[in-house]
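# Generate coordinates for the sequence data below:
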Amino acid sequence: MTIRLYWRAIGRLPWVVRHKPQTFSMNATAAQNGSTGRLLGFFIVLLALSYGLLKFAVGLDQGQPGATFQLWLFSSIIAFLGTVIYWLFQQKEHPRGLYLLFFTEMWERFSYYGMRGILTLYLSKTALEGGLGFAKEDATVIYGWFTGLVYLTPIIGGWLADTYIGQRRAILIGGVLMMLGQFSLASGMGPGSAYLGFALIIIGNGFFKPNISTIVGQLYPQGDPRRDSAFTIFYMGINLGAFLAPLVCGYFAEDLFAVKAEDGTITKYAFEYGFLAAGCGMLLGQVIFNSLAKRYLGDIGVQPAKKNKSDAEAHAEANRPLTKQETDRMAVIFTITVFVTFFWAGFEQAGSSLTLYTDEYVNRTVFGWTIPTSFFQSVNPLFIVLLGAPIAAIWLRLAKKGKDWSIPVKMGLGMLLLGVGFLFMLGAVIERGGENADPTVKAALSWLLLTYFFHTVGELCLSPIGLSMITKLAPVKFASMLMGVWFLSPFVAQIIGGYIAAYVEKLGAFMVFGLIAGFVMAAGLVMFLISRKLVTMMHGRG
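Numbers count the residues shown, from 1 in each chain. All right, here's what the predicted structure looks like:
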């Protein structure tokens, strides 16, 4: 039942909306079961092939501790990704352009999250260890400013695309700049090349990020019930890339190309290979997009919004005052963006304070193999891929019963769940005996996994709902710019989060994790209190 519900939720959400419940028949149920059976069979076959390839062709060393676990882990990852891709090509409800955007975004997120997964370690490890040698508190602040600025520039890139260059050209410019930024980081020429790489990625993301999301919305007319389902699928692409990236880039940097002592301790990391892999991912995404965009997207996103109309119409639209409904809806976007900032400030500790805490104080050894720290950046996107469809099915079931929760209520719930996740990190600190500086005293891995689980469920209540919300509420002439405003929240949150992470070294993990939990849960409760007012201001689109 659970597996059937999972696949129905993603691929057939719009089908369920368009048809009455009575149309489900025994034949439809049998077909659904047959589809699930084919997927399961495909996964098993691909798992066996992957296992054989890795064992005999690649030759993973069976003499190393945990080699069998590594073999099954990587085989399962390949089989899982292959099955998801196979399933995507079986879907008929959505235009093919959605899947082109899915894969383009997947490789862009592979590039970004692959780099991000090893960035804090790269900044904080000494030069002899292959890093830049910053103090931990300085490394987290640099990390916060970089990842924050990545989310500021989409406002400018969205405006440029809307006004002058169009979404498609913006995606090309942004992709090329980010690819060059990754290669600059991979050059390993010290802080100068790192700062150049950061700048290129920040500017490139500004062109890329808001415009690909806007094109997804443009595939569907206003009111099309497939739109929320489309963003669920698109969000899976984001997280497939984010799931795969730390595994590949982290494996290159912390295992495959790293220099190790006889006891397995890393003496020098190979960060340059991780950044190189991230750049190649961006290159692949651009090749896919630019070779297939004309075929599957037609003219969508080619011209800026004002050029899609005659000069007279464009002038009239640009100078037309916003209606009361439009200004109310924009006010809702800005209000929710402020609240969501609190969520992201806590959530993005995953790349800074949680990474450093995991590296030093969490027992990462499983079946004799010490899991690379960067691998844990894949836990959240894996949970998203696994849990995204069941949660979407819950929203669908509530909607069919006329009891669907409003957008603000879902987002308030997301903030509460984030706070619950940090309570488990308090458990990890307590297990170690408090602020124990001895790195040989480790917390159980389960605390970290439970934290990521609740953070993921919270994110699913908030982030994909937010992307869909912008396309529903934003006036057409400000669509890309307001998508950029949505990304303004992570900009502020990342910078705040960087300074919060720095205080872990000063105030202690227990104090910082506890304050984060309390603050975001309080913000979630306030969101609940004002939710009815916000829904009223959405004028039927909430």
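# Buried ones in stretch 290-307, by neighbour count?
Across stretch 290-307, burial judged by 16 or more other CB atoms under 10 Å covers Leu292, Ala293, Tyr296, Leu297, Ile300, Gly301, Val302, Pro304, Ala305, Lys306. C-beta here means a position set from N, CA and C on the backbone, and glycine is covered the same way.
# Now for these: which two are most distant?
Leu292 and Lys306 (26.6 Å; CB to CB).
# Let me know the helix or strand that Val523 is in.
Check again: residue 523 is Ala, not Val. With elements taken from DSSP states H and E, the one containing Ala523 is helix 509-538.
# Cys249 now?
Assigned by DSSP H and E, Cys249 falls within helix 226-251.
# Tell me the gap between that helix and the middle of its chain.
A distance of 6 Å separates the centroid of the chain from that of helix 226-251, by CA atoms, centre = their mean, to the nearest Å.
# Beyond it, next helix or strand please.
Moving toward the C-terminus from helix 226-251, the first helix or strand encountered (DSSP H and E) is strand 259-260.
# Show residues contacting whichever helix or strand comes after that following strand.
Following strand 259-260 in sequence order, the next helix or strand is strand 266-268 (DSSP H and E). With CB atoms under 8 Å, 6 or more residues apart in numbering as the test, strand 266-268 has contacts from Leu128, Glu129, Gly130, Glu254, Ala258, Val259, Lys260, Ala261.
# Between the residues you listed, which sits nearest Trp72?
Here the nearest of the contacts of strand 266-268 to Trp72, counting by CB to CB, is Glu254; it sits at 19.3 Å.
# ok, that closest one to Gly498 distance?
Per CB to CB, to the nearest Å, Glu254 is found 23 Å from Gly498.
# before we move on, what about Val535?
Taking CB to CB, one finds Val535 at 34 Å from Gly498.
# go on, Thr232?
According to CB to CB, Thr232 and Gly498 sit 30 Å apart.
# which one of those two has more residues nearby?
In this view Thr232 and Gly498 are compared by other CB atoms under 10 Å, and Gly498 has more residues nearby, 27 against 23.
# which element is that one on?
helix 488-507.
# for that helix, packing partners?
Using 3 or more CB pairs under 8 Å, 6 or more residues apart in numbering; DSSP states H and E, the elements in contact with helix 488-507 are helix 136-150, helix 324-347, helix 353-361, helix 509-538.
# Save those as TSV, and put in mean neighbour count and mean pLDDT too.
Shown next, in TSV, are the helices and strands packed on helix 488-507 (neighbours: other CB atoms under 10 Å; pLDDT from 0 to 100):
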stretch	mean neighbour count	mean pLDDT
helix 136-150	22	92
helix 324-347	20	91
helix 353-361	22	92
helix 509-538	18	94
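# Can you say which of these is nearest to Phe422?
helix 509-538 (3.8 Å).
# now the helices: where do they sit in the stretch 51-200 of the chain?
Listed in chain order, the helices of the stretch 51-200 of the chain (DSSP state H, counting those that start in this stretch) span 67-88, 96-124, 136-150, 154-160, 167-186, 191-218.
# and the helix holding Ala523, how far from the chain's centre?
On CA atoms, centre = their mean, the centre of helix 509-538 falls 21 Å from that of its chain.
# That one - contacts with which helices or strands?
Counting by 3+ CB pairs under 8 Å, 6+ apart, helix 509-538 packs on helix 324-347, helix 353-361, helix 407-431, helix 488-507.
# could those go into JSON lines alongside distance to Gly540?
JSON lines is the format used below for the helices and strands packed on helix 509-538 (distance: least, CB to CB, whole Å):
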{"stretch": "helix 324-347", "distance to Gly540": "9"}
{"stretch": "helix 353-361", "distance to Gly540": "40"}
{"stretch": "helix 407-431", "distance to Gly540": "12"}
{"stretch": "helix 488-507", "distance to Gly540": "24"}
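# Tell me the spacing between Thr120 and Ser184.
Per CB to CB, Thr120 is found 18 Å from Ser184.
# Which of these two has more residues huddled nearby?
Thr120 (27 against 22).
# circling back to that earlier point, if we compare the helices and strands packed on helix 509-538, which one ends up closest to Thr373?
Per CB to CB, nearest to Thr373 of the helices and strands packed on helix 509-538: helix 353-361, 4.4 Å.
# what's the following helix or strand after the closest one?
strand 365-366.
# strand partners of the helix or strand following that next one, parallel vs antiparallel please.
Per DSSP H and E, the first helix or strand lying C-terminal to strand 365-366 is strand 369-370. Strand pairing for strand 369-370, using DSSP bridges, gives strand 365-366 (antiparallel).
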